[in-house]
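compute the structure for the input listed below.
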Amino acid sequence: MYCALSSLGLEGIDSYPVTVEVNFSRGMPHFDVVGLPDAAVRESKDRVRAALANLGFSLPDARIVVNLAPADTKKTGSLYDLPILLGILSASGRCTLPLEGSAFVGELSLDGQLRPVNGVLSMVLEARRQGLQRIFIPYQNAAEGSAVPDFPVYPVQRVEEIIAFLQGKSPLEKASEMTFTAPAQPPMPDLADVRGQENAKRALEVAAAGGHNLLLIGPPGTGKSMLAKRLPSILPPLSFEEAVESTRVHSIAGALPQGLPLLTVRPFRAPHHSISSAGLVGGGAPPRPGEISLAHNGVLFLDELPEFPKAAMESLRQPLEDGTVTISRAAARVRYPSSFMLVAAMNPCPCGYFGHPTRPCRCSPTKVAMYLGRISGPLLDRLDIHVEVPPVDYDALSSAAPGESSAQVRSRVIKARQLQQQRYKDAGIPCNARLTPALLRRFCSLTDDAAALLRAAYDKMGLSGRSYDRLLKVSRTIADLEGSETINSDHIAEAIQFRNLDRKYWQPDVSEM
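Here you go, the predicted structure:
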């Protein structure tokens, strides 16, 4: 007696088809699961056994083998409970169930209820791609499953509902298909709350308009964290494709709020500086997305950057360049998207007052150099914009005049992003920060004055090739904010201003500053 039915597995944020095969044969009663199952999959036989008993069925006295194909791919999680139970009922002859053309995923409780599983959005997308007719998922995953258009998704609370539906005894409601519309901006901290710091606000606007990485450096209490936490309020809304991709990552990680079909705002992740490299980049057994992937299409904010472990900081270098991270382990190799804006904030020295206009610094030159030296040159090179956040004077702090609101800045950012989307619609990139060297030559047209200024800056500042590219990208964004297709000398000059702090603080001999 044999039965085969369709399910799905997860590898990274992608799903792949899994065939659940159930075979009954004569021999000593035994129940075995094969096909490289992990501990959670192996334990499914006990959950299935108990659920069958509580549903009024009993396992036949036979040798039962469940194979999860392809057998050479590691199977993880509890999502195979439901297909295993239905396969046993069908193969044993206890129920006649038309299983062909359907996919089944779900964890079982001991009384036959279905519990939610991670990664449902990716699995529904894969089921549609495989040409299956429908998929059955746990009821609590209904909102997530409804995000996939033009595909029947059946959310189920108990196993008896599926059995009755497949036998034609009772109907089962499909999940209502969600219609995606760009959501209204939810309440967020407003940029108007920040007094003074006009240069830093401008840098925030440029970073948001082009998707650039940003470093804020200054004494304690000057508003670095306050500025960073207001960055999401000026970012453009998520597109449908971005929302789906970000939701898939959060679903795999088990971080998607229940009842939410898709993420509606760009992620903002702010991990503590005690985080490990695995927590930041991803890892574990089985591998799970880290903070950089959870920040995909959003913002990763690292406050007190020099306090992060060296290995964690250096692990950011490759994802910042490629927009993806690959986690390789002996048993698995997975790839997660990690296209995010990095916003880092730091003090200029351990006491925080190096370079302060009124408060003396208590740190020796050696301590200052060691503190700043925790940020490596290659990582600093990948931060497009460097901004000093000085102390705010009393007049600016006490002024009753309203500052520019996030809504006003956001409108300019959205216009700049729309220009970029139109310009790069055939290039496959979303914003200026993702320009490749070939695309830089194609889309960054300089006036003669701008080219001369850029050459002078390159020679005088000793820029690397990467710094040169990033200077051009920021200049392109500044030009877009003005609606100019040509980059002129003013655009280059402002971009240079946003790249000179590494020359002020990161010098060979700090005592000379």
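
could you chop this structure up by domain?
Split into domains by automatic domain parsing, the chain comes to 2-166, 191-505.

now mean neighbour count and mean pLDDT too, for these, in TSV please.
The way it works is simple: take the backbone N, C-alpha and C, and place the C-beta from them, glycine included. Output for those, formatted as TSV (neighbours: other CB atoms under 10 Å; pLDDT from 0 to 100):
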stretch	mean neighbour count	mean pLDDT
domain 2-166	19	92
domain 191-505	19	90
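
out of those, the one nearest residue 173 is which?
With distances scored as CB to CB, the stretch of the domains of the chain nearest to residue 173 is domain 2-166 (7.6 Å).

quote the end-to-end distance of the closest one.
End-to-end distance of domain 2-166 (CA to CA, to the nearest Å): 19 Å.

name the residue closest to the centre of this protein, please.
For the chain, the residue nearest the mean C-alpha position is residue 296 (2.7 Å; CA atoms, centre = their mean).

where do the strands sit along the stretch 301-450 of the chain?
Secondary structure of the stretch 301-450 of the chain (DSSP state E, counting those that start in this stretch): strands located at 324-328, 333-337, 341-346, 385-388, 445-446.

for this protein, what's the longest strand?
In terms of residue count, the longest strand belonging to the chain (DSSP state E) is strand 14-25.

run the chain-centre distance for it.
Relative to its chain's centre, strand 14-25 lies at 30 Å (CA atoms, centre = their mean, to the nearest Å).

quick check, residue 88 in contact with residue 65.
No: taking contacts as CB atoms under 8 Å, residue 88 lies outside contact range of residue 65: 10.9 Å.

residue 323 and residue 291, how far apart?
In this view, residue 323 and residue 291 are 15 Å apart by CB to CB, to the nearest Å.

list the contacts for residue 105?
Contacts for residue 105 (CB atoms under 8 Å, 6 or more residues apart in numbering) come out as 7-8, 79-80, 82-83, 117, 120, 123, 135-138.

show me which of the residues you listed is closest to residue 342.
Proximity of the contacts of residue 105 to residue 342 was ranked by CB to CB; the top entry is residue 120 with 29.7 Å.

just read off the phi/psi values of the closest one.
The phi/psi pair for residue 120 (degrees, to the nearest 10) reads phi -60, psi -40.

backbone phi and psi for the residue lying closest to it once chain neighbours are set aside, please?
Nearest non-adjacent residue to residue 120, counting by CB to CB, 6 or more residues apart in numbering: residue 141, 4.2 Å away. Here is the backbone geometry of residue 141 (degrees, to the nearest 10): phi -100, psi 10.

in contact with residue 141, which residues?
Contact partners of residue 141, counting by CB under 8 Å, 6+ apart, are 116-117, 120, 155.

now intersect the residues you listed with the strands, please.
Per DSSP E, the subset of the contacts of residue 141 in strands is residue 155.

widest-spaced pair of the contacts of residue 141?
117 and 155, at 12.2 Å, using CB to CB across the contacts of residue 141.

find residues that contact each of those two.
Contacts common to residue 117 and residue 155, judged by CB under 8 Å, 6+ apart, are 137-138, 141.

for the residues you listed, give me a markdown table that also has distance to residue 101.
Output for those, formatted as a markdown table (distance: CB to CB, whole Å):
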| residue | distance to residue 101 |
| --- | --- |
| 137 | 16 |
| 138 | 20 |
| 141 | 20 |
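
between those, which is closest to residue 376?
Of all these, residue 376 sits closest to residue 141, with 42.5 Å by CB to CB.

gap between the closest one and residue 222?
45 Å.

could you do residue 96 as well?
Using CB to CB, one gets 72 Å for the distance from residue 96 to residue 222.

next one: residue 148
46 Å.

cool, residue 337 as well?
34 Å.

which ones are touching residue 169?
By CB under 8 Å, 6+ apart, no residues touch residue 169.

residue 135 versus residue 145, what's the distance?
On the measure of CB to CB, residue 145 and residue 135 end up 7 Å apart.

can you check residue 466 too?
The gap separating residue 466 from residue 135 is 45 Å, by CB to CB.

repeat that for residue 225.
Using CB to CB, residue 225 is found at 44 Å from residue 135.

same check, this time on residue 294
Counting by CB to CB, the gap from residue 294 to residue 135 is 25 Å.

picking that back up, of all the contacts of residue 141, which comes closest to residue 443?
For the contacts of residue 141, the nearest to residue 443 is residue 120 (39.2 Å; CB to CB).

show me the contacts for the closest one.
105, 137-138, 141, 144-145, 251.

from the residues you listed, which land in helices?
Using DSSP state H, the members of the contacts of residue 120 that fall in helices are 144-145, 251.

could I get those as JSON lines with distance to residue 264?
JSON lines is the format used below for the ones in helices among the contacts of residue 120 (distance: CB to CB, whole Å):
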{"residue": "144", "distance to residue 264": "13"}
{"residue": "145", "distance to residue 264": "17"}
{"residue": "251", "distance to residue 264": "15"}
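
could you look up the SS state of residue 32?
Here residue 32 is recorded as strand under DSSP: H, G, I helix; E, B strand; the rest coil.

pretty sure it sits against residue 67.
No: if you go by CB under 8 Å, residue 32 and residue 67 don't touch, sitting 9.3 Å apart.

follow-up on the earlier one: let me see the contact set for the residue nearest to the centre of the chain.
With contact taken as CB under 8 Å, 6+ apart, residue 296 is in contact with 245-246, 249, 267, 336-340.

and which of those is nearest residue 186?
Checking these against residue 186 by CB to CB gives residue 267 as the nearest, at 13.3 Å.

circling back to that earlier point, ok, the shared contacts of residue 117 and residue 155 vs residue 444, which is closest?
residue 141 (45.4 Å).

tell me the spacing between that closest one and residue 261.
In terms of CB to CB, residue 141 sits 10 Å off from residue 261.

do the same with residue 102
For residue 102, the distance to residue 261 (CB to CB) stands at 22 Å.

please apply the same query to residue 497.
Residue 497 sits 43 Å away from residue 261, going by CB to CB.

residue 90: which element?
When elements are assigned from DSSP states H and E, residue 90 belongs to helix 81-91.

so which elements touch that helix?
Packing partners of helix 81-91 (3 or more CB pairs under 8 Å, 6 or more residues apart in numbering; DSSP states H and E): strand 2-11, strand 14-25, helix 44-54, strand 63-69, strand 102-104, strand 107-108, helix 159-166.

list the contacts of the last one.
Contact partners of helix 159-166, identified using CB under 8 Å, 6+ apart, comprise 51, 55, 82, 85-86, 89, 95, 97-99, 104, 108, 112-114, 136, 154, 156, 170-172.

helices along the stretch 101-250 of the chain, start to end?
Assignment of helices within the stretch 101-250 of the chain using DSSP state H, counting those that start in this stretch yields the ranges 120-129, 142-145, 159-166, 198-210, 224-229, 240-252.

list the contacts of the closest residue to residue 47 other than its chain neighbours.
Using CB to CB, 6+ apart and skipping the chain neighbours, the partner closest in space to residue 47 is residue 108 (5.0 Å). For residue 108, the contacting residues are 44, 47-48, 51, 78, 81-82, 85, 114-115, 159, by CB under 8 Å, 6+ apart.

now these as TSV including distance to residue 428?
Shown next, in TSV, are the contacts of residue 108 (distance: CB to CB, whole Å):
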residue	distance to residue 428
44	41
47	44
48	45
51	47
78	37
81	40
82	38
85	44
114	39
115	39
159	45
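
identify the farthest-apart pair in these.
Across those, no pair lies farther apart than 78 and 159, at 14.4 Å, counting by CB to CB.
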